[in-house]
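S.K.: I'll drop the sequence and a predicted model, then ask my questions.
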Amino acid sequence: MSDIAKKQKIDSIDYVVKVSKRKGIRMSIAPGGELVVHADPFCSDDTIKQFVKQYTDKIKVQSHPGMIRLFGKSFKIKKVQGQTNHITTCEDEIIIQTKPSADATLVFKEFLNRYAKEVFEDIMDMTILRFKEYSLNKPTLKVRTMKRSWGICHPESNYITLNFELIHYPVEFVEYVICHEFVHLLEPNHSKQFYEILSTVMPDYKRRLDLIEEGKEKQYLM
Ligand SMILES: [Zn+2]
């Protein structure tokens, strides 16, 4: 990644421009939420601005209040009062029912924490099947919000930490992150062998990486 990074602003949205060797323009979102534009040296400022404008218009729609993206799918949030705190999902709606005394945001946040763990565990169960040839014990899972990593692997104590923010990303991407961390249980460094194992267990991992235009900074890659 180039050192040259310019801070810019459009419609009150901050973004950083980084010069990239790859032709054209790409956009990514760092785990900390920062918008990063990767542009080749021949892209003009105007071209970049136009690109960001199109992209942020889309983001504005996606982050409409009362909406949430969970594992790549958008849900409308509906708040209602009831006798118990209870959350239901149906079709494209999430209904947050809370007692009059309860804080709906807090109730929802607790639900999301539980939900993230549940789904991550499920995906881990699926992913471990890819490692049949390797003697791998399913690691323990910890989840927290991290600024600089999607996942961290601790081979010595057989656990992985996943970024809570992954809850907003497509399952296929989350699978990739988990797979990546699992490979680290076998090979701690990003060595040639690491990528050999990764492409054996997940031959389409590159496609999954590209999948997330709401993607990420490669330099923050686990
Ligand atoms: Zn890694």
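M.R.: Arrived safely.

S.K.: what does stretch 133-141 contact?
M.R.: 117, 120-121, 124-125, 128, 153-154, 158-162, 181-182, 185-186, 197 (CB atoms under 8 Å, 6 or more residues apart in numbering). For glycine as for every other residue, the C-beta is placed from the backbone atoms N, C-alpha and C.

S.K.: What subset of the residues you listed is buried?
M.R.: Burial by neighbour count, judged by 16 or more other CB atoms under 10 Å, picks out 117, 120, 124, 128, 153, 160-162, 181-182, 185-186, 197 from the contacts of stretch 133-141.

S.K.: List the residues that contact the nearest residue to Ala104 once chain neighbours are set aside.
M.R.: Closest residue to Ala104 apart from its sequence neighbours, by CB to CB, 6 or more residues apart in numbering: Thr98 at 4.7 Å. Listed by CB under 8 Å, 6+ apart, the contact set of Thr98 reads 79-82, 85, 104, 107.

S.K.: which one of those sits closest to Lys142?
M.R.: Each of the contacts of Thr98 was scored against Lys142 by CB to CB, and Val107 proved nearest at 22.6 Å.

S.K.: Looks to me like that closest one is in a helix.
M.R.: Yes. With DSSP: H, G, I helix; E, B strand; the rest coil as the criterion, Val107 is part of a helix.

S.K.: Looking at the residue nearest to Ala104 now. What's its pLDDT?
M.R.: With respect to pLDDT, Thr98 scores 91.

S.K.: and the buried ones among the contacts of stretch 133-141 as JSON lines, adding pLDDT?
M.R.: Below are these laid out as JSON lines (pLDDT from 0 to 100):
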{"residue": "Lys117", "pLDDT": "97"}
{"residue": "Phe120", "pLDDT": "98"}
{"residue": "Met124", "pLDDT": "98"}
{"residue": "Ile128", "pLDDT": "96"}
{"residue": "Cys153", "pLDDT": "95"}
{"residue": "Ile160", "pLDDT": "97"}
{"residue": "Thr161", "pLDDT": "97"}
{"residue": "Leu162", "pLDDT": "97"}
{"residue": "Glu181", "pLDDT": "96"}
{"residue": "Phe182", "pLDDT": "97"}
{"residue": "Leu185", "pLDDT": "95"}
{"residue": "Leu186", "pLDDT": "94"}
{"residue": "Ile197", "pLDDT": "97"}
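
S.K.: and Lys6, how far is that from Lys73?
M.R.: The spacing between Lys6 and Lys73, counted by CB to CB, to the nearest Å, is 34 Å.

S.K.: Same question for Ser135.
M.R.: As judged by CB to CB, Ser135 and Lys73 stand 36 Å apart.

S.K.: Mind checking which of these two has more residues around it?
M.R.: Set side by side, Ser135 and Lys73 show more neighbours around Lys73, with 12 against 7, by other CB atoms under 10 Å.

S.K.: out of the buried ones among the contacts of stretch 133-141, who's nearest Phe111?
M.R.: Distances from Phe111 to those, taken by CB to CB, are shortest for Lys117, at 11.0 Å.
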